[in-house]
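Trainee: the following block contains a protein sequence and its predicted model.
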Amino acid sequence: MAVATDYTMTHVRRVGTGKGPAVQTLRAHVCKIAYPAYMQRVLPNEPNLMVIEGRVETILTVNGKVAGLRATVCGEEIDLQTRAVVLTTGTFLNGLCHEGTKQTVAARQGDQAVFGLSAFLKDLGVRIRRFKTGTTPRVKLSTLNLEGLEELGSEDEAGALSFLHDRPLVERALYGCWQTRTSESTHALIRERLHESAMYSGQIEGVGPRYCPSVEDKIVRFADKESHPIFLEIEEWDGESVYVQGFSTSLPAETQLDALRTVPGMEQVEMLRPGYAVEYDMADPTQLDSVLMSKLLPGLFLAGQLNGTSGYEEAAGQGIVAGINAAQFAFGEVPVEFPRDNSFIGVMVDDLVTKGVEDPYRMLTARAEHRLLLRHDNADQRLTPLSRTIGLCSDRRWERFEKKMAEVESGLSYLQETKVGSRHSPVLEQMGHGPVANTTSLFELMKRPEFGLEDALRLAQNCSPSVEEGGGGVGEQSPRMTTCTPQPLPSKVEHWSWVEDVRVQLELAAKYDGYIQQQSRNAERQRKLDAMRIPEEFPYSELKGLSYETTEKLSRLRPGTIGQASRVPGVRPSDIALLIGHLRARAQNSAVSQPA
């Protein structure tokens, strides 16, 4: 996906730059025509992949396991044999679209909803609920008045999304996007016609997303706000379609148009397609294990909005977990788990299967207790070795990764081994930095907020000391540093100091060293709890001392590890301590009973 984005992006910016590195990342828009066209070229060339287009009716089972699926392809019903199936149905299960009082049975505009799979899941024992999501109107670019609006230009220097590329590979200038805001007139009109909204008329029963509310929801819930931001995002390279970010709605089309024309820059706007809400079936994710396989049917994996999440990133993250593990299951290989301290994917999956969802789940950085370890810049460092282990990492990617890591390690070694002392204080002061009292490394100096890698290299280059000859024996004068003579940097330093990915890694490693070490220690403690397995049929009700709430929840959720059990809402620390003690005693008794 990141490679496809680098070839088809229309806009890219760094976000979260006003905050710490744990929340900084890249945001890219892609051309909605070029991106799927690129993927359609890639998929036929993928080894061992057969693409069949059709409508799946149900999953076939034999002896309580997945045996295949039944589908309608070109009007003909066929059965496909398989050991594993991944359902990523999005909003297609019993989908119902709402535009004011108008209701359309569909998964999204132009796509039919499906019904057989919902019935299959219910018969299997899956707990089904109704959730709701929505989309915004699309408007015509040539009818916007962009003069006077704040333009957020693309940041070409932000770099590529894929770690395989140094820069985006689009052969044309990237677009900007424009920010405007709702007005008091917008709010007044929507309040007046609120009864027309499918959400506020009581027509929609499903639970909507808390963190991506509709525009009418914003105006009701945040009545004290005079306006709300709107971003106008161009969707196609050579088209007219503009996405009105921040204006998701289920109002009637004519009301949407009236409201849009009260927004600065959109006074004469023409609408290409109205926004609408979608109501759909979702499955309780607590009935899945830590690799997204159903606890009710081995070989069945669920991913995406079906599991109660919102949006694109969440669906993509679950899709790769389910896809990897469906393949592992089909081949009889060990499942691949994603720890919370190693990826946001791991945080999301763990949250879903241990805590469940009350409304569409959004992956927020605040959900990760170790988010300083889960930065954008070190995603390859965290996940490429795993990718290589399971056969998903190409030789080209691995060579590029190893080269980068060698440069990072070389840089860290150089910074930690290169020492400066009080004799360098005059030079530091000339550079605008405070003096040092004792010998320290460049790495330690870089922990100062205002002291960066360029400062460290400048100091190293201009303060390589000359040594005045002197005795070294007992009672003799020791060698004494007397002058600072400019010296060229080692060639390897010259190289890695100007590679952006390496520079970022080195600076963050120094600046946040103490915090990273602290989070690493906390993560290690949590990892030990996650390594303590709980037998699948553990008799919680027989363990004296567990609270009633803990017994009920753990018996229902069946967490696979102590770590998972500790994250179930309502489970007390004292219950976890009791459970650990019991499992350890049980393991010791089992070891004693084993014959020598």
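Mentor: Yep, that arrived. Numbers count the residues shown, from 1 in each chain.
Trainee: which of the residues in whichever helix or strand residue 454 is part of are buried?
Mentor: Secondary structure from DSSP states H and E places residue 454 in helix 453-462. Using 16 or more other Cβ atoms under 10 Å as the test for burial, helix 453-462 gives 453, 455, 456, 457, 459, 460. Glycine gets a C-beta too; all of them are placed from N, C-alpha and C.
Trainee: nearest to residue 550 among those?
Mentor: Ranked by distance to residue 550 (Cβ to Cβ), the buried residues of helix 453-462 are led by residue 453 at 49.7 Å.
Trainee: ok, the closest one touching residue 506?
Mentor: Yes: look at residue 453 against residue 506 with Cβ atoms under 8 Å: they come within range, at 5.6 Å.
Trainee: what touches both of these two?
Mentor: residue 446 (Cβ atoms under 8 Å, 6 or more residues apart in numbering).
Trainee: returning to what we had before: in a markdown table: the buried residues of helix 453-462, plus distance to residue 339 and pLDDT.
Mentor: Output for these, formatted as a markdown table (distance: Cβ to Cβ, whole Å; pLDDT from 0 to 100):
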| residue | distance to residue 339 | pLDDT |
| --- | --- | --- |
| 453 | 30 | 90 |
| 455 | 36 | 90 |
| 456 | 33 | 89 |
| 457 | 36 | 86 |
| 459 | 39 | 87 |
| 460 | 37 | 82 |
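Trainee: buried set for stretch 266-284?
Mentor: For stretch 266-284, by 16+ other Cβ under 10 Å, it's 266, 269, 271-272, 274-284.
Trainee: which residues are in contact with residue 509?
Mentor: 408, 412, 516.
Trainee: can you check residue 320 too?
Mentor: Taking Cβ under 8 Å, 6+ apart, one finds residue 345 in contact with residue 320.
Trainee: now do the SS call for residue 397.
Mentor: What DSSP: H, G, I helix; E, B strand; the rest coil gives for residue 397 is helix.
Trainee: need the nearest residue in space to it, chain neighbours excluded.
Mentor: Closest residue to residue 397 apart from its sequence neighbours, by Cβ to Cβ, 6 or more residues apart in numbering: residue 164 at 6.0 Å.
Trainee: low-confidence regions, this protein specifically.
Mentor: 462-498, 591-596 (pLDDT under 70).
Trainee: tell me the domain boundaries of it?
Mentor: 412-516, 532-593 (automatic domain parsing).
Trainee: can you put these in JSON lines and add distance to residue 326?
Mentor: Shown next, in JSON lines, are those (distance: least, Cβ to Cβ, whole Å):
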{"stretch": "domain 412-516", "distance to residue 326": "32"}
{"stretch": "domain 532-593", "distance to residue 326": "18"}
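Trainee: show me the contacts for the residue lying closest to residue 439 once chain neighbours are set aside.
Mentor: Excluding the flanking residues, the one nearest residue 439 by Cβ to Cβ, 6+ apart is residue 421, at 4.2 Å. Contacts for residue 421 (Cβ under 8 Å, 6+ apart) come out as 436, 438, 439, 440, 481.
Trainee: against residue 16, how distant is the third one?
Mentor: Counting by Cβ to Cβ, to the nearest Å, the gap between residue 439 and residue 16 amounts to 37 Å.
Trainee: if we can go back for a sec, out of the buried residues of stretch 266-284, which are inside strands?
Mentor: Of the buried residues of stretch 266-284, the ones assigned to strands by DSSP state E are 271, 272, 276, 277, 278, 279, 280, 281, 282, 283.
Trainee: list the buried residues for stretch 69-81?
Mentor: 69, 71, 80.
Trainee: quick one: secondary structure of the last one?
Mentor: In three-state terms, and counting by three-state DSSP, residue 80 is strand.
Trainee: correct me if wrong: it contacts residue 73.
Mentor: No: the pair residue 80 / residue 73 is not scored as a contact, 9.3 Å apart, by Cβ under 8 Å.
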